[in-house]
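**Q** return a 3D structure for these sequence lines:
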Amino acid sequence: MTNPTVRMARHSARHPWRALVGWILFVALCLGTGLALGANPATTEDFRIGEAGRAEALAAEGGLQQKPLERVLIQAAPGTGPFDRAEAEAAARDIGARMRQLPEVLSVSAPVADAGGTALRVDVTMKGAEFEGKQHVDALLAQTAEVRAAHPRLIVEEVGGPSIGKGVDELRGEDLARTEIIALPVTLITLLIVFGSVVMAVVPLLLAISSIVAAVGLSMIASHVFPDAGVGTNVILLIGLAVGVDYTLFYLKREREERGRADGGRLTTQAIVELAAATSGRAVVVSGLAVAVSSATLYLADDVIFSSIATGAVVVTLVAVLSSLTVLPALLALLGERAERRAARKARVAAERAAAGKPVRGRASRTPGAGRTGGGRITAAILRPVAEHPAVTLAVSGLALVALALPVLHINVTEMSRETHSRAIPAMKTYDRLLGAYPELRSMHQVVVRADAERAGSVTGALRALADRAAAEDPAISGTPVLRASADGRTTLLEMPVIRSVNSPEARESLERLRGELVPGTVGALAGAEVAVTGEVARYADYPAHQKRKLPLIVGALLLVTFAMTVWAFRSVVLGLVGVVLNLLSAFASLGVLVLVFQNEWAEGILDFTSTGSIGSRVPLFLFVILFGLSMDYQVFVISRIREARLAGASNRQAVLGGLSSSAGVVTSAAVVMVTVFASFAALHLIEMKQIGFSLAVAVLLDAFVIRILVLPSLMLLLGEANWWPARGTRPTGRPERTERQPMSVG
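**A** All right, here's what the predicted structure looks like:
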């Protein structure tokens, strides 16, 4: 009885109302403290990566950092005849006068005509940091709307980083609301089918939601150590609903099984709850720790976005584990005692009717939550080939997973740029029209040089030579270069327009030529000068390169965590190695399916997306980390049941087949819940979130229905006694199945 999970469950079961009130207070305290402290959003400095980030830091030191920039595009409205230049210039003057009066505005440029003479644009530079502009852009958009209303013959539209960022946030919020509408009812229906009881179905959902609420508050507190990059709430919702329901489901199903065995026996509700805590409670703790530790490896990415993801995942997982160990036993005790009183009342009424010679109506009452403890027909059918031909089953299922993983060899990983944003965002349609009129605004190179002030003339001359060579030798560079210097003369910035998309081969070749040839041959040759290249092309190239460098470190840490957690849980080096191999197989297979679907165009109509021919740079790393953690849920639960049967005296073959048969229903139900949650994210408009949701849904399907039901048992049957090497505590003892549970309190 030294098991801490049992002690916590016993205390909660004996003092259910105290535990319930304590949980409500805990959730309120977490959320209240988080709201009081407020979130600490990531700043522009937190997003700097690689050489591009170093260049941006140099520019910022000289006061030349990027500012939030909005552009107002003025064109002729459809059906109004040719472009009226005079009216457009009047609208541009109106825009300039209005914008200059706003406290959010730093400067307004003179109107710039396009090459074809069909448009004017006015550039409005905002105050503050580059990534903070979306918080203050509403005032600018309001002025643009008023000018548009005053000039009905013109299209007056505004677009820029701030308005696009605001549009992305709004669309993400709408999408998340829609996922809740989809995921919550489907999850509830799944739980109703599993338990056949409204109360038992609602409990996991309520606990998951309360865990999410508490985690949101805790993540706001944690953001003061690990700044929030704006994705923390998304991750908490995505992971929290999945693991929160799953952990509660594992616990509830075991409590249901023990209650079914206890029908007519001497076990009280509290004893049944303790039995569930000693078995599934331990599995939940191990699984939760595995998910948390796996998620924490994302901190190794040295990136504010992944740090934010890691914080959200770790916090919500640990809170979900805590809810399963504290408030869930209390709820089960309350529900069980209520059911026992109702059953006793029905039994007393039946006895009185029988004593009076009256017919007893209805069948004998069973305590709610009692149910079958064995596997069903479908499970038996699936296990038949596993039991009869484990080698063939392993070979066929393994080869199928390898075949699914093959497309990974052709993966194209890129940072998702503005061009990939959904055109459901109104600002993106304006963005397309802006680039149609001004292709030179598509992207740019920025070369930043820091040197002693007395060398400013040499630096300027070298940068002019660089601009001349780039214009002559690089077809991707077109337009007028801009040269700016800091007030102290120590920092100089050269901007060169690039007319290609940031992720295009031409833009990447241009960046490589600039960094590898043009800069070293000009300004890079100046002694004592510090030079770095940034700009949109550099940003979108350096980020995936950074992730690629970090991927081996993080995957290595994941493999070590998976191995160590499995060895710690089951005292088996062999099972630790098996877990590593199976997780890798599952991850690569799901990543292969992702490549097959999203790098091609055949699934665009089915999943409502436009293929970018690439996978988002954050997706593979996110998939590996989260999948490795979630896979431990199923692995721990399945092997725990197998180990229980082995300790009870079953042979290795009986333990594998029996443990899998008894756990298959729970694994299937949990997988359906997770797939529902993840698949709802695949319906989002944002392509990277869509890829993440789709890949996780596929990964869970493969892991639950192929890896854990076909590959794992086949492999364990073939390995035989070697499964448990070097542990000795899993040899058959010949004891009755329930002997190990006898110390539990009985009534």
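**Q** tell me the domain boundaries of the protein?
**A** 1-38+197-342, 65-165, 374-410+546-741, 426-534 (automatic domain parsing).
**Q** who wins for proximity to residue 420 among these?
**A** domain 374-410+546-741 (5.0 Å; Cβ to Cβ). Where C-beta positions appear, they are placed from N, C-alpha and C, glycine not excepted.
**Q** so what's residue 448 up against?
**A** Counting by Cβ atoms under 8 Å, 6 or more residues apart in numbering, residue 448 makes contact with 55, 56, 58, 59, 64, 491, 492, 493, 531, 532, 533, 534.
**Q** revised request: answer the last question for residue 585.
**A** Residue 585 makes contact with 398, 401, 402, 405, 707, 711, according to Cβ under 8 Å, 6+ apart.
**Q** so which strand or helix has the residue nearest to residue 186 when sequence neighbours are not counted?
**A** Spatial nearest neighbour of residue 186, chain neighbours left out: residue 676 (4.6 Å); criterion: Cβ to Cβ, 6 or more residues apart in numbering. In this assignment (DSSP states H and E), residue 676 forms part of helix 652-681.
**Q** in the helix or strand just after that helix, what's buried?
**A** Per DSSP H and E, helix 652-681 leads on to helix 687-702 as the next helix or strand towards the C-terminus. Residues 687-702 are the ones in helix 687-702 that count as buried (16 or more other Cβ atoms under 10 Å).
**Q** a markdown table for the contacts of residue 585, including distance to residue 642, secondary structure and pLDDT?
**A** Formatted as a markdown table, the contacts of residue 585 follow (distance: Cβ to Cβ, whole Å; DSSP: H, G, I helix; E, B strand; the rest coil; pLDDT from 0 to 100):
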| residue | distance to residue 642 | secondary structure | pLDDT |
| --- | --- | --- | --- |
| 398 | 20 | helix | 94 |
| 401 | 21 | helix | 95 |
| 402 | 25 | helix | 95 |
| 405 | 27 | helix | 95 |
| 707 | 15 | helix | 91 |
| 711 | 14 | helix | 93 |
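**Q** thinking again about what came up before, which one, of the domains of the chain, ends up nearest to residue 44?
**A** Closest among the domains of the chain, using Cβ to Cβ: domain 65-165, at 4.3 Å.
**Q** look up phi and psi at residue 236.
**A** With angles defined as degrees, to the nearest 10, residue 236 sits at phi -60, psi -40.
**Q** sorry, wrong one. I was asking about residue 489.
**A** phi 80, psi 0.
**Q** follow-up on the earlier one: just name the most buried of the domains of the chain.
**A** Highest mean neighbour count among the domains of the chain (mean count of other Cβ atoms under 10 Å): domain 1-38+197-342, with a mean of 22.
**Q** in TSV: the contacts of residue 585, plus distance to residue 378.
**A** As requested, the contacts of residue 585 are exported to TSV (distance: Cβ to Cβ, whole Å):
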residue	distance to residue 378
398	22
401	21
402	26
405	27
707	18
711	18
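**Q** how far away is residue 9 from residue 259?
**A** 14 Å (Cβ to Cβ, to the nearest Å).
**Q** show me the contacts for residue 156.
**A** So residue 156 contacts 72, 73, 74, 91, 95, 144, 147, 148 (Cβ under 8 Å, 6+ apart).
**Q** which one of these is nearest residue 391?
**A** residue 73 (66.3 Å).
**Q** go ahead and flag the most central residue of the protein.
**A** The centroid of the chain falls nearest to residue 235 when counting by Cα atoms, centre = their mean (4.6 Å).
**Q** quick one: which helix or strand includes that residue?
**A** Per DSSP H and E: helix 232-262 holds residue 235.
**Q** what's the spacing between the helix holding residue 676 and its chain's center?
**A** Averaging C-alpha positions (Cα atoms, centre = their mean, to the nearest Å) puts helix 652-681 22 Å from its chain's average.
**Q** stretch 241-257 now?
**A** The answer for stretch 241-257 is 22 Å, by Cα atoms, centre = their mean.
**Q** so for that stretch, mean pLDDT?
**A** What stretch 241-257 shows for mean pLDDT is 83.
**Q** what of stretch 62-77?
**A** 92.
**Q** distance between the ends of it?
**A** This stretch, stretch 62-77, spans 42 Å end to end (Cα to Cα, to the nearest Å).
**Q** residue 85 reaches residue 119, doesn't it?
**A** No: applying Cβ atoms under 8 Å, one finds residue 85 not in contact with residue 119, separated by 10.1 Å.
**Q** mind listing the strands for the chain?
**A** 69-76, 105-108, 112-113, 119-126, 154-160, 413-414, 443-450, 482-485, 491-498, 530-534, 615-616 (DSSP state E).
**Q** export only the CA atoms of stretch 194-214, formatted as CSV.
**A** C-alpha atoms of stretch 194-214 as CSV (Å, rounded to 0.1, in the frame of the first residue of the first chain):
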residue,chain,number,x,y,z
VAL,A,194,-18.2,2.8,-24.7
PHE,A,195,-20.0,3.2,-21.4
GLY,A,196,-23.7,3.1,-22.2
SER,A,197,-24.2,5.8,-19.6
VAL,A,198,-24.6,9.5,-19.9
VAL,A,199,-23.0,10.1,-16.5
MET,A,200,-20.0,8.0,-17.2
ALA,A,201,-19.6,9.6,-20.6
VAL,A,202,-19.8,13.1,-19.3
VAL,A,203,-17.2,12.6,-16.6
PRO,A,204,-14.1,12.2,-18.9
LEU,A,205,-15.2,15.2,-21.0
LEU,A,206,-15.7,17.4,-17.9
LEU,A,207,-12.4,16.4,-16.4
ALA,A,208,-10.6,17.1,-19.8
ILE,A,209,-12.2,20.5,-20.1
SER,A,210,-11.4,21.4,-16.5
SER,A,211,-7.8,20.2,-17.1
ILE,A,212,-7.6,22.5,-20.2
VAL,A,213,-8.9,25.5,-18.2
ALA,A,214,-6.3,24.9,-15.4
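**Q** which strands and helices sit next to the helix or strand of the chain with the lowest mean pLDDT?
**A** The helix or strand of the chain with the poorest confidence is helix 327-355; it has a mean of 76 (mean pLDDT, DSSP states H and E). Under the contact criterion of 3 or more Cβ pairs under 8 Å, 6 or more residues apart in numbering; DSSP states H and E, helix 327-355 touches helix 4-14, helix 16-37, helix 198-222, helix 232-262, helix 269-276.
**Q** look up the pLDDT of residue 610 for me, please.
**A** 84.
**Q** now do it against residue 601, distance only.
**A** 8 Å.
**Q** and residue 458, by the same measure?
**A** Taking Cβ to Cβ, one finds residue 458 at 51 Å from residue 601.
**Q** how about the residue nearest to residue 421 when sequence neighbours are not counted, what does it touch?
**A** What sits nearest to residue 421 in space, not counting adjacent residues and going by Cβ to Cβ, 6+ apart, is residue 428, at 5.1 Å. Residue 428 makes contact with 164, 167, 418, 421, 422 under the criterion Cβ under 8 Å, 6+ apart.
**Q** nearest to residue 381 among the residues you listed?
**A** Looking across the contacts of residue 428 and measuring by Cβ to Cβ, the closest to residue 381 is residue 422, at 43.0 Å.
**Q** any weak-confidence spans in the stretch 201-350 of the chain?
**A** Confidence mapping of the stretch 201-350 of the chain against pLDDT under 70 gives the ranges 262-266, 339-340, 343-344, 347.
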